[in-house]
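Asks: Here you go, sequence then predicted model.
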Amino acid sequence: MLERLKSPNEAAAYLEAVIEDGNQAAIMLALRLVAQAQGGIAKVARKAKLTREATYRMLSKSGNPELRSLTAVLAATGLRIAVRPKEKRPA
């Protein structure tokens with residue numbers, strides 16, 4: 001799986017699927033896997049200008065990152081936050 005997550009498109013699709021479920025712990029762990037695939041958490045932390053320790057904490061099951069930290073980690077992995085309208089489900 002880590003090999004597939006090296007691709008920004010694969011990583012984005014994976015994170016989007018996990019986010020759809022809405023489980024914050026799962027989202028943080030998925031982002032941790034993406035960071036590991038992109039060269040490791042320490043490398044991502046350096047690129048995001050965050051401490052390694054703070055990044056490990058943020059990407060734990062109980063992680064609750066600030067928006068700026070989350071966007072920094074995403075940017076360091078070649079990703080960004082996007083907002084789209086919800087798809088309407090047929091009645």
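Replies: Received, thanks.
Asks: Now stretch 83-91: average pLDDT?
Replies: Per-residue confidence for stretch 83-91 averages out to 75 on the pLDDT scale.
Asks: cool, and stretch 24-35?
Replies: 94.
Asks: next one: that stretch to chain centre, how far?
Replies: 6 Å (CA atoms, centre = their mean, to the nearest Å).
Asks: Please spell out which residues along that stretch are buried.
Replies: Across stretch 24-35, burial judged by 16 or more other CB atoms under 10 Å covers 27-35. C-beta coordinates here come from the backbone N, C-alpha and C atoms, glycine included.
Asks: Go through these and flag which are in helices.
Replies: Members of the buried residues of stretch 24-35 lying in helices (criterion: DSSP state H): 27-35.
Asks: Can I get these in a markdown table including distance to K43?
Replies: Putting those into a markdown table (distance: CB to CB, whole Å) gives the following:
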| residue | distance to K43 |
| --- | --- |
| I27 | 21 |
| M28 | 18 |
| L29 | 18 |
| A30 | 18 |
| L31 | 14 |
| R32 | 13 |
| L33 | 14 |
| V34 | 12 |
| A35 | 8 |
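Asks: any residues touching stretch 79-91, and which ones?
Replies: Residues outside stretch 79-91 that contact it (CB atoms under 8 Å, 6 or more residues apart in numbering): 8, 11-12, 15, 34, 70-71, 74.
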